[in-house]
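Visitor: sequence first, then the predicted structure:
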Amino acid sequence: MRSHEDVTSGERVRVAIPIEIDVWQGDIAELEVDAIVVPAHESLFMTSAVARAVKRRAGDGVERDAVRQGPMPAGSAVVTAGGSLAAPYVIHAIAVGHDLVADAGRLAAALDEAFSVATRLGLRRLAMPPLGAERGVFGVGEAIAQLLAVVERRAAAAQPLPASLVIAAGSPAEATAIRAALPVGFAG
């Protein structure tokens, strides 16, 4: 379990993060993990850049399986098989709605639901982009802050988390922004 100090209301609070976090730059669809979490819309069509990359490698069946489960509200997540991916599962997390409103509650709910899906399936290693940033609704720093808040909240409530998380960046600039948003020593 790693920890970092977080400044809140002028006080230093030690926060435990019981998950290994790594930053990786490249095509998320290439990663050999238990599941890839992709940003999704309420309709569950795989239209974001990350989802399109996953669909290209996984096959059209992944999108068809997701769409059959929809539509779903923002703040939720569904799971499909991974198709031709090395990852056996794809978790489609609806962090931002069609309204493009920066709703931190919906982002947190989608992250929490993605972790709950992973727990139900017994998945230990996930990969995801900075959810919420894919449509420019949240900045990368805000998206990572919400991710860390969900991880910390789940840890404090003794809710299961995967053992490790790879945060995938699509560009060097995004990788730099992700690393800058993570506490020192967390970005491998």
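Guide: Cool, the structure landed.
Visitor: name the nearest residue to the residue most central in space within the chain, sequence neighbours excluded.
Guide: Central residue of the chain (C-alpha atoms, centre = their mean): Met128, 4.1 Å from the mean position. Among residues not flanking Met128 along the chain, Val37 sits closest, at 3.6 Å (C-beta to C-beta, 6 or more residues apart in numbering). C-beta: built from backbone N, CA, C; applies to glycine.
Visitor: for Ala158, see how far away that neighbour is.
Guide: 22 Å (C-beta to C-beta, to the nearest Å).
Visitor: more neighbours: those two, which one.
Guide: Between Val37 and Ala158, counted using other C-beta atoms under 10 Å, the more crowded position is Val37 (31 against 6).
Visitor: go ahead and confirm Glu63 touches Met46.
Guide: Yes. Counting by C-beta atoms under 8 Å, Met46 is a contact partner of Glu63 at 4.5 Å.
Visitor: point out where this structure drops to low pLDDT.
Guide: For the chain, the stretches flagged by pLDDT under 70 are 1-16, 185-188.
Visitor: do a quick rundown of the helices in it.
Guide: In the chain, the helices defined using DSSP state H lie at 49-58, 60-68, 104-121, 140-156, 172-181.
Visitor: out of those, which is closest to Glu20?
Guide: Closest to Glu20 of these, according to C-beta to C-beta: helix 140-156, at 11.1 Å.
Visitor: name the residues of that closest one that come out as buried.
Guide: 140, 142-152, 154-155 (16 or more other C-beta atoms under 10 Å).
Visitor: check stretch 107-122 too.
Guide: Leu107, Ala108, Ala109, Ala110, Leu111, Asp112, Glu113, Ala114, Phe115, Val117, Ala118.
Visitor: go on, stretch 76-90?
Guide: Buried-residue list, stretch 76-90, by 16+ other C-beta under 10 Å: Ser76, Ala77, Val78, Val79, Thr80, Gly82, Gly83, Leu85, Ala87, Tyr89, Val90.
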